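*Asks:* give me the fold of what follows.
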Amino acid sequence: MKAEEFFRIRKELKGFSDFKRFKKPRGMLFSILIQKRIENVKRRYHLYASRLHEIANHWEKHREIPNWLRLPPVMRIRLLMKSLGMSNKEIANSLSNPERSEFQDMIWDAIYKDFIYSPIAIRNQFARGRVGEEMIRQFLEKMNVEFKDENMLRPASKTPDFYIEDKLRIDGREVKWIESKALFGDLRLHRFYSKKQYDRYIELYGDGVVVYWLGKIDELSSNALIKDCRFVENKAKRFLLNMEVFLANKKAEELAESLETDVFYWQSDVLKSKQFLHEIFYLFDSIKGNVVISGWSRELRGVLRNMGFKTIIFD
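*Replies:* Numbering: from 1, shown residues only. Below is the predicted model:
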């Protein structure tokens with residue numbers, strides 16, 4: 001994608017409802033939106049944090065968070081609790097155990113709606129990163145390339161996702177490492193990771209490859225190779241690019257077979273409960289790529305859609 005097009009999309013992209021306006025993969029737009037929102041939070045947070053007294057006063061008078069506090073739901077709740085004198089430990093405990101908090105309804109709503117900072121959103125981000133890394137692993141194994149992954153390289157302080165034991169030739173260059181990013185590679189994000197990771201990897205290990213699964217700006221420059229999702233062929237890319245979750249009951253196994261994926265059997269139907277939350281954690285922890293969910297509920301579908309997924313029903 002040309003930088004000019006990226007900046008236009010980024011400017012016009014306000015929420016999930018805008019996705020249909022752009023002829024781009026849903027996962028790409030999701031990544032651009034998240035990165036935009038995170039940058040906005042970093043820019044505004046300290047300003048809001050300096051107004052804790054106003055937040056507390058507004059709550060005492062109206063029992064609501066002021067409208068001018070324009071942050072993602074979990075961050076709004078955090079600042080409210082902080083304004084009321086709660087410690088970081090108390091805030092963390094409230095978010096982990098909503099049923100024990102006086103703000104439990106607000107916390108539950110935030111957990112199920114915040115697609116950036118909620119525990120579910122973080123689980124989703126880890127799942128997407130894991131799917132990207134697994135595709136690289138399968139790519140290397142298929143080519144019979146010997147490698148060490150990040151866990152094998154520890155306790156080294158700066159480790160790529162994959163270190164190539166013998167050099168691997170890609171695009172006429174011999175590479176020694178591969179870094180997988182289930183993100184869209186824009187200019188700011190790429191500069192950040194270049195300083196934090198890529199430049200150091202080159203210094204320590206030599207030439208390498210960075211894979212941005214959700215696309216990248218054409219104008220990115222680096223001493224390392226920069227690739228997008230076309231780097232490997234794998235059906236799991238559909239999970240990252242299309243962000244589709246398939247919901248089925250009677251035909252779940254048949255659908256899963258046609259998609260060459262797994263069936264996840266949903267067990268919980270009480271939305272504001274630890275069981276429901278743990279079940280959705282387990283769902284994201286289990287994802288290897290595309291997934292068919294059997295026994296799904298309307299509440300689960302709502303949460304998945306809040307997290308940015310397109311839900312497709314088969315019955």
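*Asks:* C-alpha from now on. contacts and neighbour counts both.
*Replies:* Will do.
*Asks:* which SSE is the most centrally placed residue in the chain in?
*Replies:* With distances taken as Cα atoms, centre = their mean, Gln125 lies nearest the centre of the chain, 2.6 Å away. Using DSSP states H and E, Gln125 sits in helix 119-142.
*Asks:* now Trp118: how far from Tyr45?
*Replies:* Residue 118: Ser, not Trp. Remark: distance between Ser118 and Tyr45 (Cα to Cα, to the nearest Å) = 17 Å.
*Asks:* those two: which is more packed in?
*Replies:* Under the neighbour definition other Cα atoms under 10 Å, Ser118 and Tyr45 were set side by side, and Ser118 has more, 22 against 16.
*Asks:* got phi/psi on the more buried one?
*Replies:* Dihedral pair for Ser118: phi -70, psi 160, per degrees, to the nearest 10.
*Asks:* repeat for Lys310
*Replies:* When read as degrees, to the nearest 10, the backbone of Lys310 gives phi -90, psi 120.
*Asks:* quick revisit: what's the helix holding Gln125 packed up against?
*Replies:* When contacts are defined as 3 or more Cα pairs under 8 Å, 6 or more residues apart in numbering; DSSP states H and E, helix 119-142 sits against helix 104-113, strand 173-181, helix 237-242, helix 274-286.
*Asks:* which parts of the stretch 201-315 of the chain are strands?
*Replies:* 208-212, 225-227, 244-248, 262-265, 291-294, 310-314 (DSSP state E, counting those that start in this stretch).
*Asks:* can you put those in TSV and add mean neighbour count, distance to Phe281 and mean pLDDT?
*Replies:* Formatted as TSV, the strands of the stretch 201-315 of the chain follow (neighbours: other Cα atoms under 10 Å; distance: least, Cα to Cα, whole Å; pLDDT from 0 to 100):
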stretch	mean neighbour count	distance to Phe281	mean pLDDT
strand 208-212	25	25	96
strand 225-227	17	30	92
strand 244-248	22	15	93
strand 262-265	19	12	92
strand 291-294	23	14	93
strand 310-314	14	18	93
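*Asks:* surely Lys176 meets Glu165?
*Replies:* Yes. Shown here, Lys176 and Glu165 form a contact pair, counting by Cα atoms under 8 Å, at 7.2 Å.
*Asks:* the two: who's more crowded?
*Replies:* Under the criterion of other Cα under 10 Å, the comparison of Lys176 against Glu165 puts Lys176 first, with 22 against 12.
*Asks:* surely Thr261 and Ser286 touch.
*Replies:* No. Using Cα under 8 Å, Thr261 is not in contact with Ser286, being 11.9 Å away.
*Asks:* of the two, who's got more company?
*Replies:* Neighbour tally, Thr261 and Ser286, criterion other Cα under 10 Å: the higher count belongs to Thr261, 18 against 13.
*Asks:* phi, psi of that one?
*Replies:* Per degrees, to the nearest 10, the backbone of Thr261 is at phi -140, psi -170.
*Asks:* and Tyr198, helix, strand or coil?
*Replies:* helix (DSSP: H, G, I helix; E, B strand; the rest coil).
*Asks:* with adjacent residues omitted, what lies nearest to it?
*Replies:* Ala224 (7.4 Å; Cα to Cα, 6 or more residues apart in numbering).
*Asks:* give me phi/psi at that neighbour?
*Replies:* Ala224 has phi and psi values of phi -100, psi 160 when expressed as degrees, to the nearest 10.
*Asks:* got the contact list for Leu84?
*Replies:* Residues near Leu84 by Cα atoms under 8 Å, 6 or more residues apart in numbering: Ala56.
*Asks:* where's it relative to Asn57, distance?
*Replies:* For Leu84, the distance to Asn57 - Cα to Cα - is 9 Å.
*Asks:* re the thing from before, out of the strands of the stretch 201-315 of the chain, flag the one nearest Ile38.
*Replies:* strand 208-212 (18.3 Å; Cα to Cα).
*Asks:* so which elements touch that closest one?
*Replies:* strand 173-181, strand 225-227.
*Asks:* could those go into CSV alongside distance to Leu33?
*Replies:* Output for the helices and strands packed on strand 208-212, formatted as CSV (distance: least, Cα to Cα, whole Å):
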stretch, distance to Leu33
strand 173-181, 16
strand 225-227, 21
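*Asks:* verify the stated contact: the residue nearest to Tyr198 with Val209.
*Replies:* Yes. Contact between Ala224 and Val209 holds when scored by Cα under 8 Å: they sit 5.6 Å apart.
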